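Colleague: how would this look folded up:
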Amino acid sequence: MKRRTILFWIVLIPICLLSSLAAAERKFILVGCPLPLGATYGQNPYRGIILATEEINKQGGVTLDGKKYPLKLEIIDTGDLDPKVSESEAMAKVESLITDKNCEVLVGGPNRSEYGLAAMDVIARHNVVHIVCSGCYTPKWHKEKFASDPKKYRRSFRMSGNIAWYIQETRDLLKFLKDKYGFKKMFILIQDVLMCRDAAEIVRKVALEDGWEVVGQAAAPDGTTDFQPFLEKCKKSGAQLLFMWNYSPNTSYLFEQWREMEIPALPMGYVEAAEDPEFWKKTKGKCAYSVITLSEAGVTLSDVTPLSRAFYNLYKKRWGIPPRSTGSAAGYEAMFVLKDAVERANSLDAEKLIPVLEKTDLPVVRGQLRFDENHQFIMGYDPKTSALGNWAQWQNGQRITIWPPVAKAGDLKMPPWLQWWWLKTR
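Modeller: Predicted coordinates for the structure are as follows:
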């Protein structure tokens, strides 16, 4: 009996000591952030994540087991938007956050869709949750890959954008322009790269289905600075709308030449350079009247939710510039989604976090954050049930949200030289 008692204490004491030591050792919650830091679309969520982390830590941190712990970020540059960085190199960096840095959860990218899909397989091998808040817009993420094996990919959640929704949002805005202003003729001008060619084909298809006339289409070679030949074609076509899809920094020349030539077609589309809050200065105001997508409600001044204007002002104060576009709000929101889930689950264990994250119903900058059955966050037009996008027009040096209607901060304005042409071509 005495011997059994001694053995009992020999086994129990080390276990108790190890448990006490583990509890005493925790000083923070370590969050790994894989992001393409060399690209704008990686810097946007980087700033949002840091801003939210500073806010949460200022309030005492995250409550776990009755104690508050600060968040600590382990940020790594995946380089995944650099064509020179291979998928295996980017995946090795994502995995190193788990195996080498011992991060307890991941928040961030990769951004490139192919790499974002590959990251799902990396996460499936480890007991960590991954909240995607940067890039990876492909519908394949939730409609194909996650849906193919929900059990395997259950640790992955996506609250970055979804191109399927953005196309629907674009379609709805085009319908508004057609119904409200009588626009019916579209000229499509894109950057001559695969992604833009594929995207333009989708826009062309839905526009034709909705009764638009696509009166011309052109692809400017990568690196183009002289857009005049393409703009002349647009003018001669009789188009009322110049739809663009371009990620080149050279599009500043496009807007300058469009203004100088007074092309009678409203410029609208996916134009990365025009998302920049400094774009007005860079083009000396010649980007006026252009309509561009910023992807996320709240990156311009608005009152979509009580958090939207507060986020905008906090971001501007912290970084010295307004939020730019995609990833800025999502990165910020992701940290609060994480905090909410950890506190409700009272755990960082992935298997305990998953069912709690699936029931997320949290007010955020863009609206209300909820996930569907495939762990894709829900986008829509009602800020009480979904997260909203953001189409803005450059007016008087500011990006003014004009779509969706519930988020708009101003009305769409037409260039004065377009109005007579528009009436003539109705």
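Colleague: in the chain, what spans have low per-residue confidence?
Modeller: 1-24, 419-426 (pLDDT under 70).
Colleague: care to break it down by domain?
Modeller: For the chain, the structural domains run 28-161+304-369, 164-294+390-424, going by automatic domain parsing.
Colleague: highest mean neighbour count out of those domains?
Modeller: Between the domains of the chain, domain 28-161+304-369 has the highest mean count of neighbours, a mean of 20, where neighbours are mean count of other C-beta atoms under 10 Å. Every C-beta, even on glycine, is put in place using the N, C-alpha and C of the backbone.
Colleague: can you give me the end-to-end span of that one?
Modeller: Using C-alpha to C-alpha, to the nearest Å, the span of domain 28-161+304-369 from its first residue to its last is 26 Å.
Colleague: mind checking the SS state of the closest residue to Cys136 other than its chain neighbours?
Modeller: Spatial nearest neighbour of Cys136, excluding adjacent residues (C-beta to C-beta, 6 or more residues apart in numbering): Gly116 at 2.9 Å. Under DSSP: H, G, I helix; E, B strand; the rest coil, Gly116 falls in the helix class.
Colleague: one step back: for the domains of the chain, give me a markdown table that also has distance to Ile378.
Modeller: Putting the domains of the chain into a markdown table (distance: least, C-beta to C-beta, whole Å) gives the following:
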| stretch | distance to Ile378 |
| --- | --- |
| domain 28-161+304-369 | 8 |
| domain 164-294+390-424 | 9 |
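Colleague: what segments of the stretch 301-426 of the chain are helices?
Modeller: 306-319, 328-345, 350-358, 416-424 (DSSP state H, counting those that start in this stretch).
Colleague: Val128: which of those helices is closest?
Modeller: Set against Val128 and scored by C-beta to C-beta, these come closest in helix 350-358, at 5.6 Å.
Colleague: orientation of the closest one relative to helix 328-345 in degrees?
Modeller: 120 degrees (axes from the mean of the first three to the mean of the last three C-alpha atoms, to 10 degrees).
Colleague: I'd like to know which elements helix 350-358 is packed against.
Modeller: Helices and strands touching helix 350-358, by 3 or more C-beta pairs under 8 Å, 6 or more residues apart in numbering; DSSP states H and E, are strand 129-132, helix 328-345.
Colleague: for Gln257, find the nearest of the ones you listed.
Modeller: Among those, the nearest to Gln257 by C-beta to C-beta is helix 328-345 (29.2 Å).
Colleague: alpha carbons only: can I get that closest one in CSV?
Modeller: Provided in CSV are the C-alpha atoms of helix 328-345 (Å, rounded to 0.1, in the frame of the first residue of the first chain):
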residue,chain,number,x,y,z
SER,A,328,-7.7,46.7,-45.1
ALA,A,329,-11.1,46.1,-43.3
ALA,A,330,-10.9,42.3,-43.6
GLY,A,331,-7.5,42.2,-41.8
TYR,A,332,-8.8,44.4,-39.1
GLU,A,333,-12.0,42.4,-38.6
ALA,A,334,-10.2,39.1,-38.6
MET,A,335,-8.5,39.8,-35.3
PHE,A,336,-11.8,40.6,-33.6
VAL,A,337,-13.4,37.5,-35.1
LEU,A,338,-10.5,35.5,-33.6
LYS,A,339,-10.8,37.3,-30.2
ASP,A,340,-14.6,36.6,-30.2
ALA,A,341,-14.1,32.9,-31.0
VAL,A,342,-11.3,32.2,-28.5
GLU,A,343,-13.3,33.8,-25.7
ARG,A,344,-16.5,31.9,-26.6
ALA,A,345,-14.6,28.6,-26.9
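Colleague: any idea how far that helix is from the chain center?
Modeller: 15 Å (C-alpha atoms, centre = their mean, to the nearest Å).
Colleague: also stretch 211-231?
Modeller: 27 Å.
Colleague: that older thread, so which of the domains of the chain comes closest to Pro383?
Modeller: domain 28-161+304-369 (3.6 Å).
Colleague: next one: stretch 257-265 to chain centre, how far?
Modeller: The chain centroid and the centroid of stretch 257-265 are separated by 31 Å under C-alpha atoms, centre = their mean.
Colleague: that stretch: end-to-end distance?
Modeller: Span of stretch 257-265 from end to end, C-alpha to C-alpha: 13 Å.
Colleague: return the backbone torsion pair for Gln217.
Modeller: Backbone geometry at Gln217, expressed as degrees, to the nearest 10, gives phi -150, psi 140.
Colleague: what bridges to it?
Modeller: Ile188 (DSSP bridges).
Colleague: between the helices of the stretch 301-426 of the chain, which one is nearest to Pro36?
Modeller: helix 328-345 (12.8 Å).
Colleague: who are the packing partners of the closest one?
Modeller: Applying 3+ C-beta pairs under 8 Å, 6+ apart, we find helix 328-345 packed against strand 29-35, helix 40-58, strand 62-64, strand 105-108, strand 129-132, helix 306-319, helix 350-358, strand 362-364.
Colleague: right, so of the ones you listed, which gets closest to Asp172?
Modeller: That would be, of the helices and strands packed on helix 328-345 and by C-beta to C-beta, helix 306-319, which comes in at 20.6 Å.
Colleague: which residues touch Phe377?
Modeller: 157-159, 369-371, 387 (C-beta atoms under 8 Å, 6 or more residues apart in numbering).
Colleague: any chance of CSV for those, columns distance to Thr293?
Modeller: As requested, the contacts of Phe377 are exported to CSV (distance: C-beta to C-beta, whole Å):
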residue, distance to Thr293
Phe157, 23
Arg158, 19
Met159, 18
Leu369, 20
Arg370, 22
Phe371, 23
Ala387, 14
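Colleague: widest-spaced pair of these?
Modeller: Put simply, by C-beta to C-beta the two of the contacts of Phe377 set farthest apart are Phe157 and Ala387, 13.4 Å from each other.
Colleague: make TSV from the helices and strands packed on helix 350-358 and add distance to Asp149 to it.
Modeller: Converted to TSV, the helices and strands packed on helix 350-358 look like this (distance: least, C-beta to C-beta, whole Å):
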stretch	distance to Asp149
strand 129-132	15
helix 328-345	22
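Colleague: out of those, nearest to Ser308?
Modeller: helix 328-345 (8.4 Å).
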